[in-house]
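Colleague: Output the structure for:
(2 chains, ligands or ions: 1)
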Amino acid sequence: MKDWTTGAATMLFQHCRACDAVWYFARDFCPHCGGPAPEQRTGSGRGRVYAVTTVTRAPSPALRALAPYRIALVDMEEGFRAMTHAAEDVAIDDLVQTRFVPFGDLVIPWCKRWERGA
Amino acid sequence: MLVALRHAKWCLTLPGNRLPYCILRAADPAGEGRELSWITGVGLTPFGRLEGRTTLDLMSDAASAALADAGLRRDEVDGLITGYSTTLPHLMLSTVFAEHFGLTPHYAHGVQLGGATGFATVMLAHELVAAGRLRHVLVVAGENRMTGQSRDAAIQTLAQVGHPRYEVPLGPTIPAYYGLVASRYMHETGTTAEDLAELAVLMRSHAALHPGAQFREPISVADVLGSKPIAAPLRILDCCPVSDGGAAVVVSRDRTGEAGVRIIGCGQAHTHQHVSAAASLASFGTATAAARAGLGTRVALADLRYAAIYDSFTITLAILLEELSLAPRGGAGALARDGHFGRDGAMPLNTHGGLLSYGQCGVGGAMAHLVETQLQMTGRAGPRQVRDASLALLHGDGGVLSSHVTLLLEQAR
Ligand SMILES: [Zn+2]
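Modeller: Numbering: from 1, shown residues only, chains lettered A, B, ... in the order given. Sure, this is the predicted structure:
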């Protein structure tokens, strides 16, 4: 299955049938119990912002043309945390929805607020 | 004393509480020596722009100074531990250096643990010496990180510590990872940008008295808050610079001269690698590493007199101070403002100026903290000398506050 890291406009996460753990970085085993063959699931893209920064000094000349851009860590409703780009007004604790947008040669997750955090 | 306590604790776990064996072990006169190692020599170059000096030059400069300080010849060094260099990436940096410098050690090892490498190399030297394997271990680091590559190359190399598939494509930088940490930590603790700025101001004021420091011009809180934004909430004066420099120490089984500084505890904790995988950005492995080193058991927090804490960013320093209980949660900036961490304060901190102002050349950055601590503990810090540095806590982190190393140092009479 493809996800945004391999060119598809979607975010995948993994689930362990043995211990019910969920996580984001793909592996062919469960990092919690060691169980084999985790299940691939497709994320809803809905979550709550855990942390957010604005990158003003980009790491390469190619990305400098795209700066400034915002990067967030989002706690997805399925129970995993993912790094995404974020709209300008996104703040910690906001509830957000992820879309997939072009960034340089890639398509990356980008989140936008649908409800202001408590 | 340490031996007796350790074995007394151990014998409680033995079935039948076999006391005679414990007494036999505690009476072993070699036991005490195996608990400890001595920092017999230190060497430090100036940090900053050192045009024309290579990684091997800077390592050699620092190593020569440390051996001279310890009063040791090259052939007396039986162990060599190095870190890594981004400008001299090599599979075997330790033996590349050994050949260049003229060493034929019994043991050689290159350690790679990001910012935690400096203290991790010293911990490894301590463990090898304390185990009786080696007599004199040279621990050396150096890198022309500033002039040996373009600024873009340095920033790109460092940004690659992010997850190559799930993070790096989004264009983060090291300051961005720490910007994320800062946003969450400030949100949970009430720490403000002004609080963080106080730590940058403090490090600069300390560096003013060190001729080797990269930045010595005084700065104010307003200067920090008005400096160029890098990765919100971090501004350029919240970030350590990229420097050329070298640092070295000799860790020995026995004293070689007057210097009476011994390592009495070391601990590590590794909780994750990537910022996305951190369980929390408001609580880290810091205190776990410190507890493993003996803080809170063999060494009481209240007995500490000097602190050498990794300060890659102002937020790093604030978090580590608070995680170590050297400041209340959210209170590091206020304590700095009140002079608590100054030369004449209750807990002098990074009196050479830290990474933020002495400079950051990679692995040698943390080792400069250790060199300064040893100078303070041997009364050789000149105009920076504090009144009492008899018991010191050193703590470094690597990755995104993911790898932690604590060292505890004691002054011997
Ligand atoms: Zn599992």
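Colleague: B:Tyr310 - nearest residue in space that isn't next to it in sequence?
Modeller: Among residues not flanking B:Tyr310 along the chain, B:Gly396 sits closest, at 4.2 Å (Cβ to Cβ, 6 or more residues apart in numbering or on different chains). C-betas here are computed from N, CA, C, even on glycine.
Colleague: Would you mind putting the CA coordinates of the one helix or strand that neighbour maps to into CSV?
Modeller: Assessed by DSSP states H and E, B:Gly396 sits inside strand B:391-398. Output of strand B:391-398 as CSV, limited to C-alpha atoms (Å, rounded to 0.1, in the frame of the first residue of the first chain):
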residue,chain,number,x,y,z
LEU,B,391,30.8,18.3,43.8
ALA,B,392,29.7,18.7,40.2
LEU,B,393,26.8,17.4,38.1
LEU,B,394,27.3,17.2,34.3
HIS,B,395,24.5,16.3,32.0
GLY,B,396,24.4,16.1,28.2
ASP,B,397,21.7,15.1,25.7
GLY,B,398,21.7,13.9,22.1
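Colleague: Can I get the very next helix or strand once past that strand as PDB, trimmed to CA atoms?
Modeller: Using DSSP H and E, the next helix or strand after strand B:391-398 towards the C-terminus is strand B:403-411. Provided in PDB are the C-alpha atoms of strand B:403-411 (Å, rounded to 0.1, in the frame of the first residue of the first chain):
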ATOM      1  CA  SER B 403      19.700  10.300  24.700                       C
ATOM      2  CA  HIS B 404      20.900  11.400  28.100                       C
ATOM      3  CA  VAL B 405      24.200  11.000  29.900                       C
ATOM      4  CA  THR B 406      25.000  12.200  33.500                       C
ATOM      5  CA  LEU B 407      28.400  12.400  35.100                       C
ATOM      6  CA  LEU B 408      29.000  13.100  38.800                       C
ATOM      7  CA  LEU B 409      32.500  14.500  39.700                       C
ATOM      8  CA  GLU B 410      34.000  15.000  43.100                       C
ATOM      9  CA  GLN B 411      37.000  17.000  44.300                       C
END
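Colleague: So if we follow the domain assignment, how does chain B break up?
Modeller: Domains of chain B are assigned by automatic domain parsing as B:1-29, B:37-148+B:240-411.
Colleague: okay if I get the ones you listed as a markdown table plus mean pLDDT and mean neighbour count?
Modeller: As requested, these are arranged in a markdown table below (pLDDT from 0 to 100; neighbours: other Cβ atoms under 10 Å in any protein chain shown):
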| stretch | mean pLDDT | mean neighbour count |
| --- | --- | --- |
| domain B:1-29 | 35 | 12 |
| domain B:37-148+B:240-411 | 97 | 22 |
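Colleague: okay, these in CSV with distance to A:Arg46 next?
Modeller: Formatted as CSV, the domains of chain B follow (distance: least, Cβ to Cβ, whole Å):
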stretch, distance to A:Arg46
domain B:1-29, 50
domain B:37-148+B:240-411, 17
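Colleague: Among these, which comes closest to A:Val90?
Modeller: Set against A:Val90 and scored by Cβ to Cβ, the domains of chain B come closest in domain B:37-148+B:240-411, at 16.5 Å.
Colleague: Please identify the pairing partners of the host helix or strand of B:Arg262 and their relative orientation?
Modeller: Per DSSP H and E: B:Arg262 is located in strand B:261-270. Strand B:261-270 has the following strand partners under DSSP bridges: strand B:37-44 (antiparallel), strand B:403-411 (antiparallel).
Colleague: which other helices and strands contact the strand or helix carrying B:Gly142?
Modeller: Assigned by DSSP H and E, B:Gly142 belongs to strand B:136-144. Contacts defined by 3 or more Cβ pairs under 8 Å, 6 or more residues apart in numbering or on different chains; DSSP states H and E place strand B:136-144 against helix B:55-70, strand B:79-82, helix B:117-130, strand B:244-252, helix B:363-377.
Colleague: how many degrees apart are the third one and strand B:403-411 in direction?
Modeller: With axes from the mean of the first three to the mean of the last three Cα atoms, to 10 degrees defining the directions, helix B:117-130 sits at 60 degrees from strand B:403-411.
Colleague: swap in the fourth one?
Modeller: Between the direction of strand B:244-252 and that of strand B:403-411, the angle (the same axes, to 10 degrees) works out to 60 degrees.
Colleague: next one: the longest one
Modeller: Relative orientation of helix B:55-70 with respect to strand B:403-411: 30 degrees, computed using the same axes, to 10 degrees.
Colleague: all helices in chain A, in order from the N-terminus.
Modeller: For chain A, the helices defined by DSSP state H cover A:61-64.
Colleague: which residue sits closest to the residue sitting nearest the centre point of chain B, ignoring its sequence neighbours?
Modeller: Using Cα atoms, centre = their mean, the residue of chain B that lies closest to the mean C-alpha position is B:Ala366, 3.6 Å off. Leaving aside its chain neighbours, B:Ala366 sits nearest to B:Gly118 (2.9 Å; criterion: Cβ to Cβ, 6+ apart).
Colleague: Quick check: that neighbour touching B:Val363?
Modeller: Yes - contact criterion Cβ atoms under 8 Å: B:Gly118 and B:Val363 qualify, at 5.2 Å.
Colleague: list residues touching both of those two?
Modeller: Shared contacts of B:Gly118 and B:Val363, defined by Cβ atoms under 8 Å, 6 or more residues apart in numbering or on different chains, are found at B:83, B:141.
Colleague: Just the pLDDT for the residue in chain A that chain B sits nearest to.
Modeller: Nearest residue of chain A to chain B, counting by Cβ to the nearest Cβ: A:Thr53, 3.2 Å away. If you check A:Thr53, the pLDDT there is 98.
Colleague: Show the contacting residues for residue 88.
Modeller: Because you didn't say which chain, this covers chain A. If you count contacts by Cβ under 8 Å, 6+ apart, then A:Glu88 has A:Arg70 around it.
Colleague: I was thinking of chain B, sorry if that wasn't clear
Modeller: B:54-56, B:96, B:143.
Colleague: I'd like to know how far the residue nearest to B:Ala366 sits from B:Ile155.
Modeller: To B:Ile155, B:Gly118 is 21 Å away according to Cβ to Cβ, to the nearest Å.
Colleague: now swap in B:Gly331 and tell me
Modeller: Counting by Cβ to Cβ, the gap from B:Gly331 to B:Ile155 is 32 Å.
Colleague: same check, this time on B:Ala332
Modeller: 27 Å.
Colleague: wait, what's in contact with the closest residue to A:Val96 other than its chain neighbours?
Modeller: In this structure, A:Val96 finds its nearest non-sequential neighbour in A:Cys111, 3.9 Å apart by Cβ to Cβ, 6+ apart. By Cβ under 8 Å, 6+ apart, the contact list for A:Cys111 reads A:45, A:47, A:49, A:72, A:74, A:84-87, A:90, A:96-99.
Colleague: now do B:Ala65
Modeller: B:42-45, B:248.
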